[in-house]
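Chemist: here is a sequence together with a model predicted from it:
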Amino acid sequence: EATVKRIRQSIEQAINSRRDYVAKPTHMSCADGVYVIKDGWNIYPREPQRVEASQVADSLTEALRTQSSLLGESWALHQVPPGVIVEERISAGGEDGTAALEFKTIVIWGRVWACDVRRGTQALQVLGRDGRGLLDQSLHPSLAHVDWARIRDLAEKLGAHKDCFRVDIFASLPTAAKVWHDRTPVLKYQVSEVEFFITSSMPLFDQAAKLWMEGYKNRSFVLIP
């Protein structure tokens, strides 16, 4: 119990002087225990909540007692020892009152199949490989300024030589200044996470499964003796 108390104090000391940060367990997923803090408010939920450093420290200390994600996850995640990370908060741009755009990009045999676009807990749209709606070719208004080709290329570079890989990419305005080109915001693209299988609930899932199986049937891989 004394060790737990010291850990809690260390976490609180790490965040006490910060007004703008993200704190989360390193061994969990699906937003379990995540705090996106701006000026003392957790802006990750749809309705921002006022939180104190002591509350965040209590929650993260409790998360350390959990071995891995509350949901079913990969063998790799279950091997990660419990930990906590405090890091830079990615700006959402504009009023900056919510989480930044996040592109959960699914790469199958080196090619992007689809992308689940989210802003915090809000699902905006599922895009196909061409950067338009997977189901209806539409495009959410908040995605009009995004360089989809850059996101796709980055995801495919990281997803090369794998049967299935998920690459999560943040798109945000630089925090230091608003940069514009021809009245279009110039965004910063940052990889936030990678995963070895699809964890998002996606439409046309049978299509993804077919592409995955075809890769094995066509032997799109090299056996290493």
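Modeler: Received the coordinates, thanks.
Chemist: the closest residue in space to residue 133 that isn't next to it in sequence: what secondary structure?
Modeler: Distances taken as C-beta to C-beta, 6 or more residues apart in numbering place residue 125 nearest to residue 133, at 5.9 Å, with adjacent residues excluded. To be clear about C-beta, it is placed using only N, CA and C from the backbone, and glycine gets the same treatment. For residue 125, the secondary structure call by DSSP: H, G, I helix; E, B strand; the rest coil comes out as strand.
Chemist: and for residue 152?
Modeler: At residue 152 the chain is in helix, as set by three-state DSSP.
Chemist: in this structure, what helix or strand scores lowest on average pLDDT?
Modeler: strand 180-181 (a mean of 52; mean pLDDT, DSSP states H and E).
Chemist: tell me which stretches of this protein form strands.
Modeler: Applying DSSP state E to the chain gives strands spanning 20-25, 35-38, 41-42, 49-50, 84-87, 101-108, 111-119, 122-128, 164-172, 180-181, 184-185, 188-195.
Chemist: what residues sit buried inside the helix ranked longest in the chain?
Modeler: The helix that spans the most residues within the chain, counting by DSSP state H, is helix 2-16. By 16 or more other C-beta atoms under 10 Å, the buried positions in helix 2-16 come out as 8, 11-12, 14-15.
Chemist: and the residue nearest the centre of the chain?
Modeler: residue 168 (4.8 Å; C-alpha atoms, centre = their mean).
Chemist: what bridges to that one?
Modeler: When bridges are called by DSSP bridges, residue 168 pairs up with residue 104, residue 193.
Chemist: using CSV, please lay out the buried residues of helix 2-16 together with pLDDT and distance to residue 158.
Modeler: Output for the buried residues of helix 2-16, formatted as CSV (pLDDT from 0 to 100; distance: C-beta to C-beta, whole Å):
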residue, pLDDT, distance to residue 158
8, 93, 35
11, 94, 31
12, 95, 35
14, 93, 29
15, 95, 30
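Chemist: just to revisit the earlier point, report pLDDT for the residue nearest to the centre of the chain.
Modeler: Looking at residue 168, its pLDDT stands at 96.
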